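Asks: what's the 3D shape of this:
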Amino acid sequence: MDPRFKILGCSIAVNDGPVQWYEGETLPDLEWADSEIIAHNCYFDGMILFLKYGIRAKRWCCTVSLARAITSFEKHNLNFLAHSLNLNAKLDGLTEGATESDEKLIEYAIRDTEICRGIYNRLIPVLPESERELMHLCLRWGIEPSLRVNIPAMLKAADHEEAERHKIIAESGVDESILTSNPKFAKQISDMGLDPPTKISLETGMVTLALGQNDAEYQEFIHQHIAPDELKIWNARKAAKSIINIQRPRKLAKIASIMPDNTLPMPLKYYGAITGRMSGHDGFNVQNLPRKSASRTAIEAPKGHVIVVADSSQIELRLNAWWSGEQWILDALVMPDGDVYKLTAAEQLNKPVDSVTPDERQFAKAVVLGCGYGMGSEKFRKYCASGPMGMNPWFLSSEEADKTIKTYRRQNPNIVKSWEQHHEYLNFIMPRNRKPGKTLPDVTVGPIILGNSIVNLPNGMGLLYHNLEMTDEGCSFLYRGTRHYMYGAKLQQNIVQALARIVVMDQLLEIERQGIRTVSSTHDEVIAIAKESEAEQTYATMRQIMTTPPSWAPNLPLDCDGGFAENYIK
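Replies: Here you go, the predicted structure:
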């Protein structure tokens, strides 16, 4: 810990007993390892308990995470939740220079604990047991880390990226200050006799420069105006604006350098999205480490162990086809040589399957994953031009994009029909249709139940659409302070992604029940550690679990990809 760090004291309540203040660094003698430890922003308190006192909990629980999963509130800080749940108001009292015996500080801490307990008591009855365990695991990955960082290798990765960046910028002959500034780079383009690319801002509705790497207009501009042998400036612009591959490994190395045994916390935000999926936390997202990158391979298993990774292959594609009844996809997925992307490419390009090239298969992957939820031709054209999912950009004319969309919809009629069905489902969950005299009963559709502003899921959770309404501008709902438009295909996307999350998270829980220690989860993969001597059996167990369909979808074809190694190479 930082030498400046000082513990003034701690307020603790056991069950429904009184909140007590413990002055200084002394903690009460409790059965910590057999207890559920509850805190607001538990990563902070949990880290102190683990690093300072060596405390591990039977179960960790965070009331921030609890509120994020259960409520539709736009904020989750203690003050806001106290007000929203009609609890006693938070006090002022945490001031610079406070001492262990400062009365205001003690009152402040005691009130915070009372509020935290109040939030827990109000919300925890609604959270299913499986989700309580998932929250615990998510917190454990960040509080009790197991993976380690090879710090020299991590710093070497950052130095290599930085050297490559400087080399690319130097070869362009353009000053870095120009490359990193949108106005200056736009002037550079104008000085070349070209009009800088523009777009309509989604925030303001006004014309603005389109100079981002993910701007379709920018990629199309380069494709139309810049010859392949004249790309040095444009490559330098990308290098100058892209420093995450330098900053991230240095940040990970710095974190590991202050941790015992150079371990690396893997914090994730439990219920980071409306569908329940986890997201990045604490300023870095361990889910976004580039595959096969030097920074990723610098993460290692503890001595005598290996990292075991099992990925639920194409889970969203499989669930969308299953949910929509698109049988040809389901049939292809269980065939030994059935490749949905190749079959799609053959249909799109009107050529035999065995003549589809790797680039054409990649294009088909963009088609399948991009068009499965109602994307129109113009949006798809820009989607391809932006280089989706790490692919190289594809540049289509409006006619080609339109043909692609029509071909996809002809090949997948049941998915298209499903979008229309979900538009009807919106009517079932619309509050205006559930007023007195207009009451609609809840409707069961497969494993879900459509209720009032909610889609109830098979794990006991729900997709909650707060303040759902239909206006002249369309259907929308309020999510964490922002209105989001909703339509049939979007509702289908939410349901499919929520079901995919349930499949993978239930698999993760079963893996833990088999005595395998998980250490993180990246999108649709489960990451665990095992003794070297148990690596093959551990992966076989994980694979068996991740290819077993859930009880609510017994005919859902699942597959798994993965492996094990001393470092994080998958």
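Asks: check contacts around S453.
Replies: Counting by CB atoms under 8 Å, 6 or more residues apart in numbering, S453 makes contact with 429-431, 464-466, 468, 477. Heads up, the C-betas are built off the backbone N, CA and C, glycines and all.
Asks: TSV for those, including secondary structure, neighbour count and distance to K156?
Replies: TSV is the format used below for the contacts of S453 (DSSP: H, G, I helix; E, B strand; the rest coil; neighbours: other CB atoms under 10 Å; distance: CB to CB, whole Å):
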residue	secondary structure	neighbour count	distance to K156
I429	helix	23	53
M430	coil	19	57
P431	helix	14	57
L464	strand	18	46
Y465	coil	26	48
H466	strand	14	48
L468	strand	19	52
F477	strand	20	48
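Asks: which one of those residues sits closest to V174?
Replies: F477 (46.0 Å; CB to CB).
Asks: any idea how far M470 is from that closest one?
Replies: Between F477 and M470 the distance is 10 Å, computed by CB to CB, to the nearest Å.
Asks: R483 contacts F477, correct?
Replies: Yes: with contact defined as CB atoms under 8 Å, R483 reaches F477; the gap is 7.1 Å.
Asks: sorry, back to before: nearest to A216 among the contacts of S453?
Replies: F477 (27.7 Å).
Asks: May I have the residues that are in contact with the closest one?
Replies: Per CB under 8 Å, 6+ apart, neighbours of F477: 453, 465-469, 483-484, 486.
Asks: Please apply the same query to L30.
Replies: Per CB under 8 Å, 6+ apart, neighbours of L30: 12, 14.
Asks: Can you check the pLDDT for it?
Replies: In this model, L30 is scored at 95, pLDDT.
Asks: backbone phi and psi for it, please?
Replies: With angles defined as degrees, to the nearest 10, L30 sits at phi -120, psi 160.
Asks: ok, it to G142 distance?
Replies: Distance from L30 to G142, by CB to CB: 22 Å.
Asks: Would you mind giving the domain segments of the protein?
Replies: Taking automatic domain parsing as the reference, the chain has its domains at 9-127, 151-246, 317-470.
Asks: Relative to S257, which of these is closest?
Replies: Among those, the nearest to S257 by CB to CB is domain 151-246 (6.1 Å).
Asks: Quick check: closest non-adjacent residue to D506.
Replies: With CB to CB, 6 or more residues apart in numbering as the criterion, D506 has its nearest non-adjacent residue at 6.3 Å, and that residue is P550.
Asks: List phi and psi for the one you found.
Replies: Main-chain torsions, P550, degrees, to the nearest 10: phi -70, psi 160.
Asks: show me what contacts it?
Replies: By CB under 8 Å, 6+ apart, the neighbours of P550 are 458, 502-503, 506, 556.
Asks: if we go to 10 Å?
Replies: Shown in contact with P550 (CB atoms under 10 Å, 6 or more residues apart in numbering): 447, 458-459, 499, 502-503, 506-507, 556, 558.
Asks: Tell me the residues that contact both of F477 and M470, please.
Replies: M486.
Asks: before we move on, the earlier item: quick check: neighbours shared by R483 and F477?
Replies: In contact with both R483 and F477: 467, 469, using CB under 10 Å, 6+ apart.
Asks: Any stretches of the stretch 451-570 of the chain with poor pLDDT?
Replies: Nowhere does the stretch 451-570 of the chain drop to pLDDT under 70.
Asks: now do 90
Replies: Scanning the stretch 451-570 of the chain for pLDDT under 90 picks out 470-474, 480-482, 522-523, 569-570.
Asks: I'd like the domains of the chain as CSV, with distance to T297 appended.
Replies: Output for the domains of the chain, formatted as CSV (distance: least, CB to CB, whole Å):
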stretch, distance to T297
domain 9-127, 26
domain 151-246, 7
domain 317-470, 18
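Asks: Let me know which of the ones you listed is the nearest to Y539.
Replies: domain 317-470 (21.0 Å).
Asks: Off-centre distance for that closest one?
Replies: Centroid displacement of domain 317-470 relative to its chain, using CA atoms, centre = their mean, to the nearest Å, is 19 Å.
Asks: From the opening residue of it to its closing one, how far?
Replies: Using CA to CA, to the nearest Å, the end-to-end distance of domain 317-470 comes out at 30 Å.
Asks: How about stretch 59-66?
Replies: 14 Å.
Asks: Figure out how far the longest helix along the chain is from the centre of its chain.
Replies: The single longest helix within the chain, with elements called by DSSP state H, is helix 488-513. Its chain's C-alpha centre lies 12 Å from the corresponding centre of helix 488-513 when counted by CA atoms, centre = their mean.
Asks: which parts of it are buried?
Replies: 488-512 (16 or more other CB atoms under 10 Å).
Asks: Tell me the first helix or strand C-terminal of it.
Replies: Downstream of helix 488-513, the first helix or strand assigned by DSSP states H and E is strand 517-522.
Asks: Please list all residues in contact with A489.
Replies: Contacts of A489 by CB under 10 Å, 6+ apart are 371-375, 415-416, 418-420, 422-423.
Asks: Nearest to I516 among the residues you listed?
Replies: For these, the nearest to I516 is G372 (32.4 Å; CB to CB).
Asks: hang on, the closest one packs against V340?
Replies: No: the criterion here is CB atoms under 10 Å, and G372 misses it with V340 at 11.2 Å.
Asks: overlap in contacts of those two?
Replies: With CB under 10 Å, 6+ apart, G372 and V340 have common neighbours 317, 321, 326.
Asks: from what I can see, H160 looks like it's in a helix, true?
Replies: Yes: in this structure, H160 lies within a helix as judged by DSSP: H, G, I helix; E, B strand; the rest coil.
Asks: ok, it - contacts?
Replies: 245-246, 249, 294-295.
Asks: Most widely separated two among the residues you listed?
Replies: So, the contacts of H160 by CB to CB: farthest apart are I246 and A294, at 11.7 Å.
Asks: Which of those two has more residues huddled nearby?
Replies: I246 (19 against 16; other CB atoms under 10 Å).
Asks: The helix-or-strand element of the chain with minimal mean pLDDT packs against which elements?
Replies: None of the helices or strands of the chain scores lower by mean pLDDT, DSSP states H and E than strand 279-280, at a mean of 88. For strand 279-280, the helices and strands in contact under the criterion 3 or more CB pairs under 10 Å, 6 or more residues apart in numbering; DSSP states H and E are strand 268-269.
Asks: ok, and what's touching the strand it packs on?
Replies: 43, 62, 64-65, 68, 137-139, 141-142, 277-282, 285-287, 520-522.
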